[in-house]
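In: would you be able to build a 3D model of this:
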Amino acid sequence: METPLVVTWECTQACGLTCDHCRADAQPDRHADELTTAEGKQLIDTVTDFGSPSPILVFSGGDPLERPDLFELLEYAHTAGLRTAVAPAPTERLKRDVLERLADTGVHQIALSLDGATAKRHDEFRGESGSFATVKRAAEYANSIDLRVQINTTVTQRTLNDLPGIADLVADFDAVMWEVFFLVPIGRGADLEQISPLEAERTLEWLYRRQKEEDFRLITVEAPHYRRVAQACTDSDERPKVGSTGDGNGFVFIGHTGDIFPSGFLLIPAGNVRTENLVEVYQEGAIFQFLRKPNTFTGRCGECQYRSECGGSRARAYAACGSPFASDPLCIYTEQ
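Out: Coordinates of the predicted model:
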């Protein structure tokens with residue numbers, strides 16, 4: 001894929017929360033070497049160079065609201081013709097006036113994290129009392145000003161049984177999308193208990209059945225075998241259209257100091273936007289090229305009949321085996 005569907009920029013690692021699963025291992029203060037405002041605008045210009053249709057540019061973190069120039073950057077991206085999304089942390093910064101400013105700067109949608117079906121469960125996972133209430137208020141107010149809402153959920157042993165209740169809340173919040181992330185054990189998430197491959201398979205089957213009942217779109221992150229599961233669960237001869245991102249294949253991640261990675265969970269640097277062109281790195285960089293060639297995969301993923309449409313999580317293979325080309329240990333499938 002010559003143009004990514006999504007470019008995510010970790011515009012800061014600063015965040016007021018200490019979530020147990022944090023990929024970024026976020027810190028209270030901004031890093032001294034974060035991309036500057038001028039460098040951020042240069043990055044935005046480069047994203048437009050991918051051409052039309054352009055990728056959606058996601059401002060992530062940490063907490064993007066920790067950047068005092070966030071709205072200036074969002075306005076610049078909007079003027080450049082890019083669709084933008086913001087993933088703010090559910091802290092006291094996330095108030096009505098902030099949501100209104102996001103809408104006024106043309107933000108396409110906001111992503112709010114929800115990791116428990118009750119306030120108690122969510123707040124314990126997030127390590128912040130009142131986080132659930134903040135998410136609920138933000139979702140309700142965003143809907144009232146026509147700012148689209150996406151809900152992000154992390155799947156671990158601690159959150160697994162909450163998924164049905166979370167799905168109910170996603171519907172109640174009138175979210176347009178539910179992004180379900182199957183934990184990759186990096187950052188603080190390395191200390192969390194993962195689900196088993198059998199539990200993952202059953203969860204993906206349940207997710208596919210549930211999404212057919214809902215108005216919101218459901219996508220998985222670091223569980224590309226959702227495509228295989230969906231195909232097995234459908235009665236139609238047509239291949240079902242389900243969303244699942246792939247590391248370096250339709251997706252590229254920019255770290256807070258400008259490093260270019262296949263994803264935020266596969267932290268193999270391929271260059272830096274301060275010295276190299278993002279478009280060239282994504283299209284021609286060696287790691288990106290290899291990740292888009294399933295014949296480079298080894299083990300079961302390399303032999304699987306679904307390796308082209310699935311390919312397994314390259315980030316989880318790297319975290320578990322030290323190689324981004326190894327088999328995804330969360331997949332239970334064995335070709336018959």
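In: for residue 319, what are its contacts?
Out: 184, 185, 186, 190, 265 (CB atoms under 8 Å, 6 or more residues apart in numbering). C-beta coordinates here come from the backbone N, C-alpha and C atoms, glycine included.
In: what helix or strand is the first one on?
Out: Secondary-structure element containing residue 184, defined by DSSP states H and E: none, the residue being outside all helices and strands.
In: ok so, going back, so can I have CSV of the contacts of residue 319 showing neighbour count, pLDDT and distance to residue 109?
Out: Shown next, in CSV, are these (neighbours: other CB atoms under 10 Å; pLDDT from 0 to 100; distance: CB to CB, whole Å):
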residue, neighbour count, pLDDT, distance to residue 109
184, 28, 93, 24
185, 18, 87, 28
186, 20, 81, 26
190, 14, 73, 30
265, 24, 93, 21
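In: pull out the buried residues from the biggest strand by length in the chain.
Out: Across the chain, the strand with the greatest residue count (assigned by DSSP state E) is strand 148-155. Neighbour-count burial for strand 148-155, counted by 16 or more other CB atoms under 10 Å, picks out 148, 149, 150, 151, 152, 153, 154, 155.
In: do stretch 93-104 as well
Out: Buried, per 16+ other CB under 10 Å, within stretch 93-104: 94, 98, 99, 102.
In: quick check: the first one is in a strand.
Out: The reference is to residue 94. No - in this structure, residue 94 is coil, not part of a strand, as judged by DSSP: H, G, I helix; E, B strand; the rest coil.
In: quick check, distance from stretch 38-48 to the centre of its chain.
Out: 21 Å (CA atoms, centre = their mean, to the nearest Å).
In: swap in stretch 117-126?
Out: Relative to the chain's own centre, stretch 117-126 is displaced by 20 Å; criterion: CA atoms, centre = their mean.
In: got the buried residues for it?
Out: Buried residues in stretch 117-126 (16+ other CB under 10 Å): 117, 121, 122, 123, 124, 125, 126.
In: restricting to C-alpha, output that stretch in PDB.
Out: Output of stretch 117-126 as PDB, limited to C-alpha atoms (Å, rounded to 0.1, in the frame of the first residue of the first chain):
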ATOM      1  CA  ALA A 117     -18.000  -1.600  32.000                       C
ATOM      2  CA  THR A 118     -18.400   0.300  35.300                       C
ATOM      3  CA  ALA A 119     -16.700   3.400  36.800                       C
ATOM      4  CA  LYS A 120     -15.000   1.300  39.400                       C
ATOM      5  CA  ARG A 121     -13.500  -1.100  36.800                       C
ATOM      6  CA  HIS A 122     -12.400   1.500  34.400                       C
ATOM      7  CA  ASP A 123     -10.900   3.800  37.000                       C
ATOM      8  CA  GLU A 124      -8.900   1.000  38.600                       C
ATOM      9  CA  PHE A 125      -7.500   0.100  35.200                       C
ATOM     10  CA  ARG A 126      -6.700   3.700  34.300                       C
END
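In: so what touches that stretch?
Out: Residues outside stretch 117-126 that contact it (CB under 8 Å, 6+ apart): 17, 19-21, 90, 113-116, 129-133, 135, 154, 158-159, 162, 164-166, 168-169.
In: before we move on, what about stretch 155-174?
Out: Contacts to stretch 155-174, defined as CB under 8 Å, 6+ apart, come from residues 21, 114-118, 121, 125, 136, 139-140, 143, 149, 151, 153, 178, 180-183, 189, 192-195, 199-200, 203, 206-207, 210, 214-216.
In: quick one: end-to-end length of that stretch, please.
Out: The straight-line separation of the ends of stretch 155-174 (CA to CA, to the nearest Å) is 21 Å.
In: do stretch 305-322 as well
Out: One end of stretch 305-322 to the other measures 24 Å (CA to CA).
In: same deal with stretch 180-199?
Out: Start-to-end, stretch 180-199 (CA to CA) is 14 Å.
In: what comes up buried for it?
Out: Neighbour counts over stretch 180-199 (16+ other CB under 10 Å) mark 180-189, 192, 194-195 as buried.
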